[in-house]
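# no FASTA, just this:
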């Protein structure tokens, strides 16, 4: 299986040949799902990642358990003896196939001939056909071991030179253009200070013009106001995040509390606590954030993890009625109701009953007291204002009346580079010119190494002569998106199961 991603500002490519993995993720059962590896993590790891092998093991184990359980039923073992050698493949050596017929054999004679034939076909399916097919399936999966080891060696060969070339190519693109440095060196050699001053002023004017763009100015002001709103909402939510982390550290879960927490709301409350404990953390991580924006995205119905199944993509329940804004408000009100319920639990003595039977938790009193200070109406009003400003920012960024923000950002970056070159002395520019030459030579040298390795791998593994040509230094490298569905990918997508990569 192959997967690749685009090359962005990070010099390390995010796409890579992916193969087999022991640490599975998204393997059907909710309890087995572990953290999804990022593309960069897969690239940096010397391991191979492929979902087919993981799904094959899970499907084989599940089918074996199911057939063993069904084959032990007295109805199927009544005529015993058939297919015992097949059950040994499934790990069953109990000899259940040699059981006595008992009274069930006599009851078979009372069945109609069509029913008897159906029963014989069912017993043959469970005792012979399915175990035999599972044996073939396992043999086919194990036969790919040599292929996976070979792919692992290929990845180790091309990974380092490919990454080195991408880093060198990105470094050349981030550096000033050689042509621009040559132009200013020529002006210094001619002693044309007036032209240097004029070009410097022109670059500064371009920066000023971009910064005075009305849409950009308005968007930056809205961003400052959004940040203030986020800080205010974060202060209101912070006690609940600390409470959620405290419950997690003690490995305790809420259960039904008569008059406070209904049985149907326990799952929703657990989901809310899971989302709360991952925000407003001291350090940001793969699943944690120092801010409140992940929770704000949850309220808007944006899934944090694109590997979640369809039933989990909408936080706080599925909202299908009304517009998108109505659904957002519905999720907000549902979250606030859960927070109010949690607030009531904080106020009530013995409200934190757990599955262990302990009614009192060692929660800091300051946290419980702070949870009681939540102003629901204020939080709702702040979110509505924040949401309106975010929508206005989105409209400004997508407006066709002026340049896009990405274009303004790139123009400002280029103009700032030119200003720094214009104010530099001639010796400094000569040093910059030498470094740019070294960057380009390093890029080409790394490309030659990559070319040799890729050509050798193609000739050895596929008997194919591969000819590579270096890309232009200004070219933006975009690796194509190639799916890693594998053998079972389409069926898992139809079933709503999470896929790994691709």
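Received, thanks. Keep in mind that this is a model prediction, so the values were computed, not measured.

# C-alpha from now on. contacts and neighbour counts both.
OK.

# is it fair to say residue 176 lies in a helix?
No - Residue 176: not assigned to a helix; according to DSSP: H, G, I helix; E, B strand; the rest coil it is coil.

# that one: what's it in contact with?
For residue 176, the contact set (Cα atoms under 8 Å, 6 or more residues apart in numbering) comprises 417, 436.

# what's the distance between it and residue 433?
Noted for residue 176: a distance of 9 Å to residue 433, by Cα to Cα, to the nearest Å.

# any idea of the pLDDT on residue 497?
Per-residue pLDDT puts residue 497 at 63.

# kindly report the same for residue 413.
So residue 413 comes in at 91 (pLDDT).

# repeat for residue 493
As predicted, residue 493 sits at a pLDDT of 69.

# need the helices for the stretch 351-500 of the chain, in chain order.
For the stretch 351-500 of the chain, the helices defined by DSSP state H, counting those that start in this stretch occupy 365-371, 376-397, 405-422, 426-462, 489-494.

# tabulate the ones you listed (CSV), appending mean neighbour count and distance to residue 133.
Below are those laid out as CSV (neighbours: other Cα atoms under 10 Å; distance: least, Cα to Cα, whole Å):
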stretch, mean neighbour count, distance to residue 133
helix 365-371, 16, 58
helix 376-397, 16, 55
helix 405-422, 16, 56
helix 426-462, 16, 32
helix 489-494, 14, 19
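
# need the least confident one among those, by mean pLDDT.
The weakest mean pLDDT among the helices of the stretch 351-500 of the chain belongs to helix 489-494, with a mean of 67.

# helix, strand or coil: sort out the nearest residue to residue 287 once chain neighbours are set aside for me.
Spatial nearest neighbour of residue 287, chain neighbours left out: residue 278 (6.5 Å); criterion: Cα to Cα, 6 or more residues apart in numbering. Under three-state DSSP, the three-state class of residue 278 is coil.

# next, count neighbours for residue 278.
22 (other Cα atoms under 10 Å).

# touching, it and residue 291? I think so.
No - contact criterion Cα atoms under 8 Å: residue 278 and residue 291 do not qualify, at 9.5 Å.

# secondary structure element holding the closest residue to residue 276 other than its chain neighbours?
Excluding the flanking residues, the one nearest residue 276 by Cα to Cα, 6+ apart is residue 241, at 4.9 Å. In this assignment (DSSP states H and E), residue 241 forms part of helix 214-249.

# packing partners of that helix?
Where contact means 3 or more Cα pairs under 8 Å, 6 or more residues apart in numbering; DSSP states H and E, helix 214-249 is packed against helix 266-276, helix 365-371, helix 376-397.

# dump the ones you listed to a markdown table, plus distance to residue 338.
Putting those into a markdown table (distance: least, Cα to Cα, whole Å) gives the following:
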| stretch | distance to residue 338 |
| --- | --- |
| helix 266-276 | 6 |
| helix 365-371 | 12 |
| helix 376-397 | 11 |
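
# residue contacts, the residue nearest to residue 287?
Neighbours of residue 278 in contact, by Cα under 8 Å, 6+ apart: 241, 287-289.

# now, which of these lie within helices?
Applying DSSP state H to those, the entries found in helices are residue 241.

# among the contacts of residue 278, which one has the most neighbours?
Ranking these using other Cα under 10 Å puts residue 241 first, with 24 neighbours.

# that one contacts residue 288, doesn't it?
No - with contact defined as Cα under 8 Å, residue 241 does not count as touching residue 288 (11.7 Å).

# max pairwise distance over the contacts of residue 278: which two?
Greatest spatial distance in these: 241 and 287, 14.3 Å, computed using Cα to Cα.
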